[in-house]
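Chemist: got a predicted structure plus its sequence, pasted below:
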Amino acid sequence: MTNILAIAQKELRSYFASPIAYIVIGIWALLYGYFYASLLAYFVRQSMQMSQFGGAQPVNINDQMIRLLFQNVTILVLFLMPGITMRTYSEEKRSGTIELLLTSPVTDMQIILGKFFGALALYAAMLAVTLIHIGILFIYGNPEWKPIATTYLGLLLFGGCFISVGLLISSLTKNQIVAFTVSFGVFLLLWIIDWMGSFAGPTISSLLTYLSVIGHLEDFTKGVLDTSHLIYYLSFISFGLFLTAKSVDTERWRG
């Protein structure tokens, strides 16, 4: 465990030693702030319109704003996550440090888990930025905290799936641009895979719907913790890391 944490810290420091972390977090904060301000203005207008009707039910801020906000957050994850994962192994191969890493006294799985948790820590820092805006809603409003907590858990697992796939793709090439492009393409495919089910039979449709990473996030945004969704995300992450381990093992034998 000590080796994993050491590698994770090294990975996290390397993100901030280059412009990657600052660019990704900056773009994230800018776009998230725009979505937040737009949806908040829409929610205020809607609340004022509803208040004009006597006896009307108050507008639910969780349903009418926060859920929509987090749906936009998933879009940001789709576009920005390849920028985080593209360098995990590609940079090691390009700079020639992959040989030193593979011959160091740590196992392949420790290296993979260290890189995974390092990227996940950066993603968690990005999510932490959004807590400031959510905190403002608690100061001036009365949102329900349980759906928000489960949504953050779902987003963390959602991002973990993309990181595990990004690690696999980065381990297959030394070109970061190629890793970014292929990662985005695979992420997009996993995003829209359930759409393709509408053109297939019921069996294929249900299978593709289950494989969709975005479909399993819906219950989290409603405050529902379904074990089937937890199992899906954890299994997805484990399988992605397993394939990455096989890819790294192949690189070791080639070396």
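Modeler: Happy to help now that I have it.
Chemist: hey, where'd the helices end up in the stretch 151-255 of the chain?
Modeler: Using DSSP state H, counting those that start in this stretch, the helices assigned to the stretch 151-255 of the chain run over residues 176-196, 202-211, 218-221, 227-254.
Chemist: what's in contact with the first one?
Modeler: Looking back up the chat, that one is helix 176-196. Contact with helix 176-196 is made by 78-79, 81-83, 85-87, 89-91, 94, 161-162, 165-166, 169-170, 172-173, 208-209, 211-215, as judged by Cβ atoms under 8 Å, 6 or more residues apart in numbering. For glycine as for every other residue, the C-beta is placed from the backbone atoms N, C-alpha and C.
Chemist: take the helices of the stretch 151-255 of the chain and write them to CSV, including distance to Gly114.
Modeler: Output for those, formatted as CSV (distance: least, Cβ to Cβ, whole Å):
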stretch, distance to Gly114
helix 176-196, 18
helix 202-211, 28
helix 218-221, 27
helix 227-254, 11
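Chemist: so which of these gets nearest Leu153?
Modeler: helix 218-221 (6.4 Å; Cβ to Cβ).
Chemist: sorry, back to before: quick one: buried ones out of the contacts of helix 176-196?
Modeler: 78, 81-83, 85-87, 89-91, 161-162, 165-166, 169-170, 172-173, 208-209, 211-215 (16 or more other Cβ atoms under 10 Å).
Chemist: among the helices of the stretch 151-255 of the chain, which is nearest Tyr123?
Modeler: Closest among the helices of the stretch 151-255 of the chain, using Cβ to Cβ: helix 227-254, at 12.6 Å.
Chemist: what residue ranges in the chain score low on pLDDT?
Modeler: Filtered on pLDDT under 70, the chain yields the residue ranges 51-59, 96-103, 197-201, 251-255.
Chemist: residue nearest the centroid of it?
Modeler: Gly159 (1.8 Å; Cα atoms, centre = their mean).
Chemist: ok, now how distant is the closest residue to Ser247 other than its chain neighbours from Phe184?
Modeler: Excluding the flanking residues, the one nearest Ser247 by Cβ to Cβ, 6 or more residues apart in numbering is Ser171, at 4.3 Å. Noted for Ser171: a distance of 17 Å to Phe184, by Cβ to Cβ, to the nearest Å.
Chemist: could you do Ile237 as well?
Modeler: 19 Å.
Chemist: Phe35 is nearest to which of the helices of the stretch 151-255 of the chain?
Modeler: Nearest of the helices of the stretch 151-255 of the chain (Cβ to Cβ): helix 218-221, 14.9 Å.
Chemist: wait, Leu76 sits on Tyr32?
Modeler: Yes - at 6.5 Å, Leu76 counts as touching Tyr32 under the criterion of Cβ atoms under 8 Å.
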